[in-house]
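Novice: got a predicted model here, sequence first, then my questions.
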There are 2 protein chains.
Amino acid sequence: MDEVFAALADPTRRAVLQRLLDDGPATATALSPSFAMSRQAVVKHLGVLADAGLVTAERHGREVRYAGRAEPLVDAAAWLARTGAAWDRRLARLSRQLSPPPPG
Amino acid sequence: MDEVFAALADPTRRAVLQRLLDDGPATATALSPSFAMSRQAVVKHLGVLADAGLVTAERHGREVRYAGRAEPLVDAAAWLARTGAAWDRRLARLSRQLSPPPPG
DNA sequence: CTTAACTGCAACCCATGAGTTGCACAACAC
DNA sequence: GTGTTGTGCAACTCATGGGTTGCAGTTAAG
């Protein structure tokens, strides 16, 4: 949880994640020109995202394709909803949807 | 947005926020014994939370009462839902609820 | 085999974060 | 007035984050 929020705290990382989720998997080398920084910097960001479970790395021959993963976003959203549920009508609704009360 | 996620990335700050939302406003001095750290450390955390809009500080005589605010949590949840909507059925539902399409 | 492209590792710089301590200042109690 | 309690400011340490560069290793292409 720490790592998810920490990963999302950096605007570059949010942009990288969004890019991967929107446009599909890509290599660090392919991503770096879009972000005005070196390949190595992007690799580090991808490492942080990977530690948080927000991307996966898969080797294909000599290149490594990174793909975005949405699951940790659900966990983070659940924390937000749960924490603020008593104080915001909208978050309360989200909270009910993310962890529906056991039937019966 | 950066500041909200960065604030939530620290477990102590999440605990402080949760405490303030659950039990109501409190002073830094009153909070610090619960967190096994100095008052000054708690003050710094509250400062970070305040910069993110997650707490407000109100002076009452010689003490300062901090209160939790849930609004930024809604913004953060909206970002999560929007970003992952295409990849997770639950997030898609949340996204629709947090920013409902204009009627018509 | 040679060359080019992509990745991996390590060292390094600079700034910021998290925490501490010590002391000064302000407000309430007596 | 004095004493006590709560807050604010500043300096300091130690670790981490974001970024760079340079070079070595590996895979594909000629």
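Specialist: Thanks, I have the structure now. Numbers count the residues shown, from 1 in each chain, chains lettered A, B, ... in the order given.
Novice: so the least confident helix or strand in chain A by mean pLDDT, near chain B or not?
Specialist: Here the helix or strand of chain A ranked lowest by mean pLDDT, DSSP states H and E is helix A:89-98, holding a mean of 86. Yes: Helix A:89-98 reaches chain B (Cβ under 8 Å from any Cβ of the partner chain) through A:90-91, A:93-94, A:97-98. All C-beta atoms are positioned from the backbone trio N, CA, C, and that covers glycine.
Novice: now, of the residues you listed, which are buried?
Specialist: By neighbour count, with 16 or more other Cβ atoms under 10 Å in any protein chain shown, the residues of helix A:89-98 next to chain B hold A:90-91, A:93-94, A:98 as buried.
Novice: all strands for chain A, in order.
Specialist: For chain A, applying DSSP state E gives strands covering A:55-60, A:63-68.
Novice: so which of these is the most packed in?
Specialist: strand A:63-68 (a mean of 18; mean count of other Cβ atoms under 10 Å in any protein chain shown).
Novice: avg pLDDT for it?
Specialist: Over the span of strand A:63-68, the pLDDT mean works out to 96.
Novice: for that strand, which outside residues touch it?
Specialist: Outside of strand A:63-68, the residues within contact range by Cβ atoms under 8 Å, 6 or more residues apart in numbering or on different chains are A:17, A:20-21, A:24-29, A:31, A:46, A:49-50, A:54-59, B:87.
Novice: what subset of those residues is buried?
Specialist: By neighbour count, with 16+ other Cβ under 10 Å, the contacts of strand A:63-68 hold A:17, A:20-21, A:25-28, A:31, A:46, A:49-50, A:54-55, B:87 as buried.
Novice: would TSV of the residues you listed with distance to DNA strand C be doable?
Specialist: What follows is the buried ones among the contacts of strand A:63-68, written out as TSV (distance: Cβ to the nearest atom of the strand, whole Å):
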residue	distance to DNA strand C
A:17	17
A:20	13
A:21	19
A:25	11
A:26	9
A:27	3
A:28	5
A:31	9
A:46	8
A:49	13
A:50	11
A:54	17
A:55	12
B:87	23
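Novice: for those, work out which two are farthest apart.
Specialist: Spatially, the most separated pair among the buried ones among the contacts of strand A:63-68 is A:28 and B:87, at 21.1 Å (Cβ to Cβ).
Novice: distance from the chain centre to stretch A:65-72, please.
Specialist: Centre-to-centre, stretch A:65-72 and its host chain are 7 Å apart (Cα atoms, centre = their mean, to the nearest Å).
Novice: can you get me the start-to-end distance on that stretch?
Specialist: Chord length of stretch A:65-72, first to last residue, is 19 Å (Cα to Cα, to the nearest Å).
Novice: so which residues on chain A come close to DNA strand D?
Specialist: A:6, A:9-10, A:12-13, A:37-38, A:40-41, A:44-45, A:48, A:61-62 (Cβ under 7 Å from any atom of the strand).
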